[in-house]
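Participant: next input, structure requested:
(chains A and B)
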Amino acid sequence: MIDWNLAVRIFSFGLGAVFSSLAILIAAIYAFGRVLKSIEKKAD
Amino acid sequence: MLDMVLTTGVVHLTLGNLIMWLIAFFFIYLAITKNYEPLLLVPIGFGILVVNLPLTFLMQEGQGLLWKFYHYGLEWEVIPPLIFLGLGAMTDFGPMIANPKTLILGAGAQFGVYVAFFGALILGFQIPEACSIGIIGGADGPTTIYTTVHLAPHLLGATAVAAYSYMSLVPIIQPPIMRLLTTDKERKIKMRQLRPVSKKEKILFPLVTVLVICLIVPASAPLMAMFMLGNLFKECGVVKRLADTAANELMNIVTILLGISVGATMSAEAFLKPQVIFVFIMGLVAFAFSTAAGILLAKFMNLFFKEKINPLIGSAGVSAVPMAARVSQIMGAKYDPKNFLLMHAMGPNVAGVIGTVVAAGVFLALGG
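Facilitator: Model (predicted):
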């Protein structure tokens, strides 16, 4: 007997985790890019 | 005399063994003559051949040589993370850091994983088995193996071979889907040249990524941590010996052990089942849907961004590094020889690896 509730939870949490983690990663890349730029500017 | 004959393997041969020999020869033939994933298919083919020799007991629990490789390498979760260490040391995340929005394409291309997951459930597989079959759509061999060993070890041979077979068939599977879902005008979209990425950004990337991903999906840590460690070795520039070892010697050693261990799980009794055919069908479905989802997501993103994305790079989100990115480049160049998509496609391509590891982490956390 398949637990369809669990299957749907795996799907929704899984796809949500994939998109949210990569979206956070995008934000982090932009953020550390800016921080590095401003540090380099200050150093100049 | 009869006793002596009975100690040979010849009299114990079964039809199943002979069929598996043919499969082994076929894999070795594909690897040698067609160059399909030879680094994996040669040891897998050889593993299949020797494990189907009667009375060799190579997979006998606690005794057989190949059982030891399988047990300590795969069941103890050693080999797939080490493969990821090597992959990290070989991967350049520069194109992805230069254009971070392509990361989303790597996420979109995981859609096929869930289509195959539900498809497998409908076909009667249990949830852990469906997770192992679904992850084939991520087009990532070590992740597929890692997930299957945890959740459905009896399907290991089928899922691993399906993943590697479809990865080698990317140039055949993807182009018709790419043509079907894109217009001539879209295929000719030229993307702006990527900015240069500084060394500091490249060093920070693995550190930030391991924090973000492992905090959100802790179960992905063994693969993600090793992936990012390998990349840190490569980018930091002070441990060149370690980076070289991870990317070359260590990678080669674990590839041998991985290939022969996977092949060794494919005894006639374990492999010749109708289930295996379903695994291959669902694997292909997963691959096709992942390709389509990556392309469609790129088209969807074009509705919102001023700078258009060539949808042909969306298909590269299925991992299969760097084959899928090469397919995007070849397809793009076919419609405009001056269009260079390779570096743009490398972004979703490596993002796809991260996306697949996250998907696998959720399967491991909830599907076991």
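Participant: okay, buried residues for the helix or strand harbouring A:Ile24 please.
Facilitator: Element membership for A:Ile24, per DSSP states H and E: helix A:4-43. The neighbour-count check on helix A:4-43 (16 or more other CB atoms under 10 Å in any protein chain shown) flags A:7, A:10-11, A:14-15, A:17-19, A:21-22, A:24-26, A:28-29, A:32-33 as buried. Placement of C-beta: from N, CA and C, glycine included.
Participant: quick one: buried residues of the helix or strand containing B:Phe300?
Facilitator: Element membership of B:Phe300, judged by DSSP H and E, is helix B:274-302. Judged by neighbour count (16+ other CB under 10 Å), helix B:274-302 contains these buried residues: B:275-276, B:278-299, B:301-302.
Participant: cool, and stretch B:216-235?
Facilitator: Buried-residue list, stretch B:216-235, by 16+ other CB under 10 Å: B:216-217, B:219-235.
Participant: among those residues, which are in strands?
Facilitator: Assigned to strands by DSSP state E, none of the buried residues of stretch B:216-235 qualify.
Participant: check the residues you listed against chain A, which are close?
Facilitator: B:216-217 (CB under 8 Å from any CB of the partner chain).
Participant: tell me which of the buried residues of stretch B:216-235 fall in helices.
Facilitator: Using DSSP state H, B:216, B:221-235 are the members of those that sit in helices.
Participant: what's the closest of those to chain A?
Facilitator: B:Ile216 (4.6 Å; CB to the nearest CB).
Participant: wait, isn't B:Tyr164 in contact with B:Val42?
Facilitator: No - with contact defined as CB atoms under 8 Å, B:Tyr164 does not reach B:Val42; the gap is 11.5 Å.
Participant: between the two, which one's more packed in?
Facilitator: Using other CB atoms under 10 Å in any protein chain shown as the criterion, B:Tyr164 and B:Val42 rank with B:Tyr164 on top: 25 against 19.
Participant: tell me which element that one is part of?
Facilitator: Judged by DSSP H and E, B:Tyr164 forms part of helix B:156-168.
Participant: likewise B:Val321?
Facilitator: Assigned by DSSP H and E, B:Val321 falls outside every helix and strand.
Participant: contact residues of chain B facing chain A?
Facilitator: Within reach of chain A by CB under 8 Å from any CB, chain B has these residues: B:97, B:100-101, B:103-104, B:106-107, B:110-111, B:113-114, B:117-118, B:121, B:126-127, B:130-131, B:198, B:200-201, B:204-205, B:208-209, B:212-213, B:216-217, B:351, B:354-355, B:358-359, B:361-363, B:366-367.
Participant: list buried residues within those.
Facilitator: B:97, B:100-101, B:103-104, B:106-107, B:110-111, B:113-114, B:117-118, B:121, B:127, B:130-131, B:200-201, B:204-205, B:208-209, B:212-213, B:216-217, B:351, B:354-355, B:358-359, B:361-363, B:366-367.
Participant: mind listing what the residue sitting nearest the centre point of chain B touches?
Facilitator: With distances taken as CA atoms, centre = their mean, the residue of chain B nearest its centroid is B:Asp140 (1.5 Å). By CB atoms under 8 Å, 6 or more residues apart in numbering or on different chains, the residues touching B:Asp140 are B:163, B:319-320, B:352-353, B:356-357.
Participant: among those residues, which one lies nearest to chain A?
Facilitator: B:Thr356 (8.6 Å).
Participant: list the contacts for residue 10?
Facilitator: Just going to use chain A. B:117, B:127, B:131, B:362-363, B:366-367.
Participant: switch to 6 Å and redo it
Facilitator: B:366-367 (CB atoms under 6 Å, 6 or more residues apart in numbering or on different chains).
Participant: state the pLDDT value of it.
Facilitator: We have a pLDDT of 96 for A:Ile10.
Participant: again with B:Asp3
Facilitator: 82.
Participant: and it, which of the three is it?
Facilitator: Here B:Asp3 is recorded as helix under DSSP: H, G, I helix; E, B strand; the rest coil.
Participant: if I look at it, how far off is chain A?
Facilitator: 50 Å (CB to the nearest CB, to the nearest Å).
Participant: need the pLDDT of the residue nearest to the centre of chain B.
Facilitator: Confidence score, pLDDT, at B:Asp140: 90.
Participant: surely B:Gly332 meets B:Gly314?
Facilitator: No - B:Gly332 lies out of contact with B:Gly314 (CB atoms under 6 Å); the separation is 11.9 Å.
Participant: the more surrounded of those two?
Facilitator: Neighbour totals were compared for B:Gly332 and B:Gly314, and B:Gly314 leads with 32 against 26 (other CB under 10 Å).
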